[in-house]
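Novice: No sequence on hand, only this structure:
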Ligand SMILES: [Zn+2]
């Protein structure tokens, strides 16, 4: 099966990641001093935006005034045409002078709320930066021996000071699937969501299973539905904190829904209902987030009609 895939948000990072350059001793350090270098400023999952809601980038002149958190500047890459380097930095939220300085430049905004506001390429860069910084924050100690780890080069990995084990940023694969039966599709709702919010089913791939097996297991666990054919549609990096969503279509063999603990409700939805939901005109169900994988799956399904 071939799908007509729209542009997927959080993809399209335009920078050259400069793999060869990262291996040259001192090369990344030199780029930090380049007056042309741009720095993307983060604070936890928030990014610094200017008054117009665009990325507020700073240069190296501002760095001495900011209190940076581990891992310091993270090299993102260079612009392919100008070779201008980009780094991401994490400002310490407990350092009042840093906060005052950031407030004078712009405002911090949660990446989730910037999803539909930022241009696609900027959003992809922000997603990558948030994901990398989150990984650094939670991997300051070696999983092998418990001693502190440190970053080297452009902070693309961490190394244990005691046992020299290398640790690389992780990506957690998750399946998200549009389960269909004839002309209906299966959506469920998590009890923590607002009233009327429904989504395609999703879950993490577990050790020892394929993507197709993870899809079949999750649908059975969450809704008691047996699935036969599974087709890959697209993938989307999801930086909350470091997943990749694997978008699938799955054909149901059964239709009787049996809920376990995870979902509060699940129903089969008609194309008319989905059309109204996507248009934000359904009296009972909320409009799906167009940029998230569930919304993309629904849009693809409707276009196939
Ligand atoms: Zn170690």
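Specialist: Thanks, I have it. All values reported here derive from a predicted model rather than from experimental measurement.

Novice: tell me which parts of the stretch 1-150 of the chain are close to the ion?
Specialist: Neighbours of the ion within the stretch 1-150 of the chain, by Cβ under 5 Å from the ion: 142, 144, 145, 147. The C-beta positions use only the backbone N, C-alpha and C, and glycine is treated the same way.

Novice: For ChimeraX, write the select line for the buried members of those residues.
Specialist: Selection command for ChimeraX covering only the buried members of those, criterion 16 or more other Cβ atoms under 10 Å:
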select :142
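
Novice: Name all residues that make contact with the closest residue to the ion within the stretch 201-305 of the chain.
Specialist: Nearest residue of the stretch 201-305 of the chain to the ion (Cβ to the ion) works out as residue 242 at 21.1 Å. Contacts for residue 242 (Cβ atoms under 8 Å, 6 or more residues apart in numbering) come out as 131, 134, 135, 169, 170, 171, 172.

Novice: Of those, which belong to helices?
Specialist: Counting by DSSP state H, the contacts of residue 242 place 131, 134, 135 in helices.

Novice: Adding pLDDT and neighbour count, write those residues out as CSV.
Specialist: Formatted as CSV, these follow (pLDDT from 0 to 100; neighbours: other Cβ atoms under 10 Å):
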residue, pLDDT, neighbour count
131, 95, 24
134, 94, 19
135, 95, 19
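
Novice: For the helix or strand of the chain with the lowest mean pLDDT, name the packing helices and strands.
Specialist: Least confident helix or strand of the chain, by mean pLDDT, DSSP states H and E, is helix 111-114 with a mean of 84. When contacts are defined as 3 or more Cβ pairs under 8 Å, 6 or more residues apart in numbering; DSSP states H and E, helix 111-114 packs onto strand 46-49, helix 120-138.

Novice: helices and strands around the last one, which ones?
Specialist: Looking back up the chat, that one is helix 120-138. On a contact count with 3+ Cβ pairs under 8 Å, 6+ apart, helix 120-138 meets strand 38-43, strand 46-49, strand 74-78, strand 85-90, helix 111-114, strand 227-238.

Novice: Run the angle between the longest one and helix 120-138 for me.
Specialist: What that stands for is strand 227-238. Relative orientation of strand 227-238 versus helix 120-138 (axes from the mean of the first three to the mean of the last three Cα atoms, to 10 degrees): 90 degrees.

Novice: what's strand 227-238 in contact with?
Specialist: 1, 3, 5, 8-11, 124, 127-128, 131, 171, 174, 177-179, 211-212, 215-216, 219-220, 243-253, 292-293, 296-297, 300.

Novice: quick revisit: considering the residues of the stretch 1-150 of the chain next to the ion, which is situated nearest to residue 118?
Specialist: Ranked by distance to residue 118 (Cβ to Cβ), those are led by residue 142 at 35.3 Å.
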